[in-house]
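Engineer: sequence-free structure coming up:
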């Protein structure tokens, strides 16, 4: 008997009919002879609506109380799904994140998993029950408080449980039929990818692909969890995200996919003294503010000789915090001014075959030139090239690059649900 962990996102459990459909899907897996553990997200846009409500009653909601509020969405889903499964004649038991043994640090709003002790889940499975777990949440042992894992955290919950339970596969159900060569909402002719390495999936997730949460992808790669991304609206085969075994020969495509990201901003520290240690000083200040940096470029400054400009990208949500931290240290650093730009987009092409094939950069930059796109910053890894361009050019550039690399399908991809909010 196999053990399957299934995760259903908000669009999959958006209303009563959707929950009934999900329950039938769960029961099908159980009647096929599998033990089943299910992780659910909040219904539809419930989390966004709760955030909006909190902001209406408080200009600065307390992080602890936000976690108490937001975890209610997943608790509603888990109970309703368990009821729907029981109505189909199968025993089902729902568990919160803390009841499931999801132990985290004490960082409210973006807690990290430090341990998983799923004893109660194992007991329920051994007794023949289908287990339904509220995703996105855990608890901290020291404070006894409920915590949340951050947006997309239900994926991480599912992968962590799959690793702890040594599940055969972790199925991530969403509103598209798998992982595509680009976001089908932006590139209608995106093609479904049938198999993708965890390394490629991690690069796509890190650079804007929304189908899988980046932390979940990294957790799966680190713990050897096989992921199966598929639609809860059809029975089509989805996408297998796998870890190649050592020595396994895999013929990898040159370009697997194209990702776009509009969530970043750029800060330029203008007129920095061009002496050793200034870059270290700047990025230490940013790091001490607990801000993640993505791309970095250093150029000769227009402010005069012996000056340099240092630009870096970071999440828009952390932009003001970074500016405040740098302004507070302006006298120590000695820069002339700060420039902030939140109208940028990041376009990335990803493919493990880039390691052994030349000409990808030339093809990418030629296509961008022909599209009239000016490049602001460039970053590369072994299997990725990312460029920063203007935000209003991103979607068109993605479609053009997708076509330039021969990734277009003959038919348009189907998005079954979801608001994209």
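Structural biologist: Noted; the coordinates are in hand. In this text, all values refer to a predicted model and were calculated from it rather than measured experimentally. Numbers count the residues shown, from 1 in each chain.
Engineer: Mark out where each domain of this protein begins and ends.
Structural biologist: Domain assignment of the chain by automatic domain parsing yields the ranges 3-174, 247-421.
Engineer: how about the helices in the stretch 151-300 of the chain?
Structural biologist: Remark: helices assigned in the stretch 151-300 of the chain by DSSP state H, counting those that start in this stretch are 153-165, 198-206, 214-223, 278-288.
Engineer: nearest to residue 187, of the ones you listed?
Structural biologist: helix 198-206 (13.2 Å; Cβ to Cβ). (C-beta placed from N, C-alpha, C; glycine too.)
Engineer: Which helix or which strand is home to residue 368?
Structural biologist: helix 360-370 (DSSP states H and E).
Engineer: what packs against whatever helix or strand comes next after that helix?
Structural biologist: Going down the chain from helix 360-370, the next helix or strand is strand 377-381, by DSSP H and E. Applying 3 or more Cβ pairs under 8 Å, 6 or more residues apart in numbering; DSSP states H and E, one finds that strand 377-381 contacts strand 384-390.
Engineer: Within its sheet, name the partner strands of the strand it packs on and how each one runs.
Structural biologist: Sheet pairing for strand 384-390, assigned by DSSP bridges, gives strand 344-350 (antiparallel), strand 377-381 (antiparallel).
Engineer: got the angle for the last one vs helix 360-370?
Structural biologist: What that stands for is strand 377-381. 150 degrees (axes from the mean of the first three to the mean of the last three Cα atoms, to 10 degrees).
Engineer: And the residue positioned nearest the centre of the chain, how far from residue 118?
Structural biologist: Geometric centre of the chain, nearest residue: residue 213, 2.5 Å, by Cα atoms, centre = their mean. Residue 213 sits 20 Å away from residue 118, taking Cβ to Cβ, to the nearest Å as the criterion.
Engineer: Columns mean neighbour count on top of the domains of the chain, output as CSV?
Structural biologist: Shown next, in CSV, are those (neighbours: other Cβ atoms under 10 Å):
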stretch, mean neighbour count
domain 3-174, 20
domain 247-421, 16
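Engineer: If you average pLDDT over each of those domains, which is lowest?
Structural biologist: With a mean of 90, domain 247-421 has the lowest mean pLDDT of these.
Engineer: Can you get me the centre-to-centre distance for that domain and its chain?
Structural biologist: 17 Å (Cα atoms, centre = their mean, to the nearest Å).
Engineer: what ranges do the strands span in the stretch 151-300 of the chain?
Structural biologist: Per DSSP state E, counting those that start in this stretch, the stretch 151-300 of the chain carries strands over the ranges 169-174, 179-180, 192-193, 195-197, 227-231, 239-242, 257-261, 264-273, 296-300.
Engineer: Nearest to residue 56, out of those?
Structural biologist: Closest approach to residue 56 among the strands of the stretch 151-300 of the chain (Cβ to Cβ): strand 264-273, 26.2 Å.
Engineer: Residue 147 sits in which helix or strand?
Structural biologist: Here residue 147 sits within strand 146-148, counting by DSSP H and E.
Engineer: Quick one: residues in contact with that strand.
Structural biologist: 66-68, 70-71, 97-98, 104-111, 136-140 (Cβ atoms under 8 Å, 6 or more residues apart in numbering).
Engineer: Of those residues, which belong to helices?
Structural biologist: The members of these that map onto helices under DSSP state H are 66-68, 70-71.
Engineer: ok, residue 118 - contacts?
Structural biologist: 100-101, 161, 164-165 are the contacts of residue 118 under Cβ under 8 Å, 6+ apart.
Engineer: what's the spacing between the closest residue to residue 300 other than its chain neighbours and residue 388?
Structural biologist: Nearest residue to residue 300, sequence neighbours excluded (Cβ to Cβ, 6 or more residues apart in numbering): residue 308, at 6.3 Å. Distance, residue 308 to residue 388, using Cβ to Cβ: 19 Å.
Engineer: Quick one: residues contacting residue 121.
Structural biologist: Contacts of residue 121 were listed using Cβ under 8 Å, 6+ apart, and they are 37, 95, 100-101, 131, 133, 161, 165.
Engineer: switch to 6 Å and redo it
Structural biologist: The neighbourhood of residue 121, defined by Cβ atoms under 6 Å, 6 or more residues apart in numbering, consists of 100, 131.
Engineer: before we move on, back to that, would you report the backbone torsion angles of the residue nearest to the centre of the chain?
Structural biologist: Here is the backbone geometry of residue 213 (degrees, to the nearest 10): phi -70, psi 140.
Engineer: wouldn't it be in contact with residue 152 here?
Structural biologist: Yes - contact criterion Cβ atoms under 6 Å: residue 213 and residue 152 qualify, at 3.4 Å.
Engineer: Point out the other helices and strands that whichever helix or strand residue 22 is part of packs with.
Structural biologist: For residue 22, the host element (DSSP H and E) is helix 16-31. Packing partners of helix 16-31 (3 or more Cβ pairs under 6 Å, 6 or more residues apart in numbering; DSSP states H and E): strand 35-40, helix 63-87.
Engineer: Give me the sheet partners of whichever helix or strand comes after the longest one and which way each runs.
Structural biologist: It refers to helix 63-87. With elements assigned by DSSP H and E, the helix or strand that comes after helix 63-87 is strand 92-95. Strand pairing for strand 92-95, determined by DSSP bridges: strand 130-134 (parallel).
Engineer: hmm, what's the outermost residue in this structure?
Structural biologist: In terms of distance from the mean C-alpha position of the chain, residue 305 ranks first, at 42.5 Å (Cα atoms, centre = their mean).
Engineer: Which helix or which strand is home to it?
Structural biologist: Under the criterion of DSSP H and E, residue 305 resides outside all helices and strands.
Engineer: any idea how far residue 25 is from the closest residue to residue 128 other than its chain neighbours?
Structural biologist: Spatial nearest neighbour of residue 128, excluding adjacent residues (Cβ to Cβ, 6+ apart): residue 91 at 6.1 Å. Note on residue 91: its distance to residue 25, by Cβ to Cβ, is 17 Å.
Engineer: now do residue 47
Structural biologist: The separation that residue 47 has from residue 25, given Cβ to Cβ, amounts to 22 Å.
Engineer: go on, residue 259?
Structural biologist: Separation of residue 259 from residue 25 (Cβ to Cβ): 28 Å.
Engineer: And residue 377, by the same measure?
Structural biologist: Separation of residue 377 from residue 25 (Cβ to Cβ) stands at 43 Å.
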